[in-house]
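>>> With the sequence up front, the predicted model follows.
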Number of protein chains: 2
Amino acid sequence: MHANHTDVAPIEPTEQERTVMRDAIDRALKAATQSGKAGIAATVMRDGQIVATGENEVQLQSDPTKHAEMVAITRAAAALDQTDLSGCTIISTLQPCEMCLAAIRFAGISRIVFAARQASVPPKYFAFPHLKIEDFQNGEFEFVGGVDEARVLHLYENGDE
Amino acid sequence: MHANHTDVAPIEPTEQERTVMRDAIDRALKAATQSGKAGIAATVMRDGQIVATGENEVQLQSDPTKHAEMVAITRAAAALDQTDLSGCTIISTLQPCEMCLAAIRFAGISRIVFAARQASVPPKYFAFPHLKIEDFQNGEFEFVGGVDEARVLHLYENGDE
């Protein structure tokens, strides 16, 4: 962890975000049983409404860029017909990797709620495991991890994707 | 820059890589004149052959994830019908942002050649401008920037995308 990053006060998920997380986890558990889909799911929401959802489709589409958050962001931008997703929150069953985190910020999303935390899963889910989410934060977004984590950790214990 | 990252010896672009860069810059210059395409172009090559190319299509597709490198990686994985692009090199007219850098590493690409360097362009091309490419490196990939940089800097001086 850098000494020079700006800390942001810890946040708590809202009741609505907890509800959306439960749904995302249900989708992740289902996806894990389906051919070509990994058990990772994400949702983009705004003003308490779901804008778009996505699951990891890396194997399904044979495309290393198709993480659940990326699929959800692509669909959310299409649904709103704009690349600016400011004011949206992203919910994910797994802490967003560096690719997704950068996409989240390029889209203007500044609130992130996730279940499984980096420290709880194998390093292979991250491209640069020596960096932590705090290294990226720099005061520009808020996040809370570990929400309903116990329901999903078995999905990620082997590092399959 | 972290004190604890592992340095990798500087590399030089091969003649073939310089040739591919010239073509990528030509495409970037052309794309900059086309509606919906930003002047950023990338190429994935392997064994001296071009596997796939891409230009930035963020506005064209209304999708914040469609950076030139992402488009090229998606097409390369489709062309090779596999998500593993180990042994490939990526050429880009602009230093890959954190999203693209993570996608590059997830795809197994470990050699990166780019023209315009982060220090030469506005910070908006990066999601986390307080981090530098050396912060990500950790001994896991090699890169060279500034190749033919003078031909492209005018494309990026205003930070348009």
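Sure, I can see it.

>>> so how many other residues sit close to residue A:152?
Per other CB atoms under 10 Å in any protein chain shown, the neighbour tally for residue A:152 reads 26. Where you see a C-beta, it was placed from the backbone N, CA and C, and this is true even at glycine.

>>> For residue A:86, see how far away it is.
28 Å (CB to CB, to the nearest Å).

>>> can you pull the contacts of the residue nearest to the spatial centre of chain A?
For chain A, the residue nearest the mean C-alpha position is residue A:92 (3.4 Å; CA atoms, centre = their mean). Applying CB atoms under 8 Å, 6 or more residues apart in numbering or on different chains to residue A:92 gives the contacts A:24, A:40-43, A:68-69, A:100, A:112-115.

>>> What about the residues you listed, which are in strands?
Among these, the residues falling in strands (DSSP state E) are A:41-43, A:112-115.

>>> Do I have it right that residue A:10 meets residue A:146?
No: counting by CB atoms under 8 Å, residue A:10 sits too far from residue A:146 to count as a contact (10.9 Å).

>>> These two: which is more packed in?
residue A:146 (15 against 8).

>>> before we move on, the earlier item: chain B next: which of the contacts of residue A:92 are close?
Applying CB under 8 Å from any CB of the partner chain, the subset of the contacts of residue A:92 adjacent to chain B comprises residue A:100.

>>> Specify which member of the contacts of residue A:92 is nearest to chain B.
residue A:100 (7.9 Å; CB to the nearest CB).

>>> dump the residue contacts of the closest one.
Residue A:100 sits next to A:67, A:69-70, A:73, A:92, B:99 when contact means CB under 8 Å, 6+ apart.

>>> Could I get the full set of strands for chain A?
Secondary structure of chain A (DSSP E): strands at A:41-46, A:49-55, A:88-94, A:111-116, A:142-144.

>>> CSV please, covering these and showing distance to residue A:80.
Output for these, formatted as CSV (distance: least, CB to CB, whole Å):
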stretch, distance to residue A:80
strand A:41-46, 8
strand A:49-55, 7
strand A:88-94, 9
strand A:111-116, 16
strand A:142-144, 21
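
>>> how far is stretch A:120-130 from where the chain is centred?
The chain centre lies 14 Å from the centre of stretch A:120-130; the measure is CA atoms, centre = their mean, to the nearest Å.

>>> next one: stretch A:54-66
Put simply, stretch A:54-66 sits 14 Å off its chain's centre (CA atoms, centre = their mean).

>>> got the end-to-end distance for that stretch?
Stretch A:54-66 has an end-to-end distance of 9 Å (CA to CA, to the nearest Å).

>>> neighbouring contacts of that stretch?
For stretch A:54-66, the surrounding residues in contact (CB under 8 Å, 6+ apart) are A:27-28, A:31, A:36-43, A:67-75, A:99, A:161, B:65, B:70, B:73-74, B:77-78, B:81-83, B:85, B:103, B:106-107.

>>> what stretches of chain A score poorly on pLDDT?
A:1-9, A:159-161 (pLDDT under 70).

>>> Contact residues of it facing chain B?
Contacts of chain A with chain B, taken as CB under 8 Å from any CB, map to A:5, A:58-59, A:62-65, A:70, A:73-74, A:77-78, A:81-83, A:85, A:97-103, A:105-107, A:127-128, A:130-131, A:135-136, A:138, A:140.

>>> picking up where we left off before, winner for burial among the strands of chain A?
Of the strands of chain A, the one with the most neighbours on average (mean count of other CB atoms under 10 Å in any protein chain shown) is strand A:88-94, at a mean of 28.

>>> quick one: strands adjacent to it?
strand A:41-46 (antiparallel), strand A:111-116 (parallel) (DSSP bridges).

>>> now the angle between strand A:88-94 and the top helix by length along chain A, please.
For chain A, the longest helix by residue count, based on DSSP state H, is helix A:15-31. With axes from the mean of the first three to the mean of the last three CA atoms, to 10 degrees defining the directions, helix A:15-31 sits at 40 degrees from strand A:88-94.

>>> ok now helix A:15-31, how far from the chain's centre?
Offset of helix A:15-31 from its chain centre (CA atoms, centre = their mean): 12 Å.

>>> Show me what it is packed against.
Contacts defined by 3 or more CB pairs under 8 Å, 6 or more residues apart in numbering or on different chains; DSSP states H and E place helix A:15-31 against strand A:41-46, strand A:49-55, strand A:88-94, strand A:111-116.

>>> tell me which residues in that helix are buried?
A:17, A:20-21, A:24-25, A:27-29, A:31 (16 or more other CB atoms under 10 Å in any protein chain shown).

>>> Reformat those residues as JSON lines; add distance to residue A:54.
Listed next are the buried residues of helix A:15-31 as JSON lines, based on distance: CB to CB, whole Å:
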{"residue": "A:17", "distance to residue A:54": "17"}
{"residue": "A:20", "distance to residue A:54": "13"}
{"residue": "A:21", "distance to residue A:54": "15"}
{"residue": "A:24", "distance to residue A:54": "10"}
{"residue": "A:25", "distance to residue A:54": "14"}
{"residue": "A:27", "distance to residue A:54": "9"}
{"residue": "A:28", "distance to residue A:54": "11"}
{"residue": "A:29", "distance to residue A:54": "15"}
{"residue": "A:31", "distance to residue A:54": "10"}
